[in-house]
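Enquirer: Have a look at this prediction, sequence included:
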Amino acid sequence: MTTVFAALIAASLTTLPHVRPTHPALTAAIHAGIERSQSFRALVDRINDSDVVVHVMYDDRQAPGVGAHVAFAVAAGGVRYVRIAVSPRLIGCDLLAILGHELRHVVEIAEQATVVDQRSLATFYAAIGERRRGERGAMFDTAAAVAAGDRIRRELSGQGRVDGPDRRP
């Protein structure tokens, strides 16, 4: 069984070069999102075309009411590394919708070359985001990320595909 998981993760490094899940269940979820949602696939494609690499991992220490978050890790060698930490309690459509929401944030970061560390990330989101108070301090969200998560949820639930900026023909 471990060999299967290792093969799945190894395969994800070639099919998802900039989106790198750290757990087999996340690898499977991301592949399902790509397969089942045009919007999810478009977000992954945009990240793959950028200078940002995102590691997607489980984190059971999320603040109450927070399913996932993005944090800046490091910039080195012309590549910016970020991570998405997601609650292991999320499954199915809920997991894919929140991953899509967070991947949209990664696209926002990729489109802003001045985001090169945690401080510039915070400054960027203070300028473009809506401030939300969290247990661990200030948090920010964007209308585009909320819309991306909602659009992916609708696509996955079979309510039809929705045209928008994250959708490619």
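Expert: Happy to help now that I have it.
Enquirer: Provide a list of residues in contact with L90.
Expert: Listed by Cβ atoms under 8 Å, 6 or more residues apart in numbering, the contact set of L90 reads G67, A68, I98. Bear in mind the C-beta positions are built from the backbone N, C-alpha and C, glycine included.
Enquirer: do that again at 10 Å, thanks
Expert: Contacts of L90 were listed using Cβ atoms under 10 Å, 6 or more residues apart in numbering, and they are A29, Y58, Q62, G67, A68, L96, A97, I98, L99.
Enquirer: likewise A85?
Expert: The contact partners of A85, taken as Cβ under 10 Å, 6+ apart, are 55-62, 66-71, 102.
Enquirer: Now list the buried members of the residues you listed.
Expert: Neighbour counting by 16 or more other Cβ atoms under 10 Å classes V56, Y58, Q62, V66, G67, A68, H69, V70, E102 among those as buried.
Enquirer: now for the residues you listed, which pair is the farthest apart?
Expert: Longest distance between any two of the buried ones among the contacts of A85 is 15.6 Å, between V56 and V66; criterion Cβ to Cβ.
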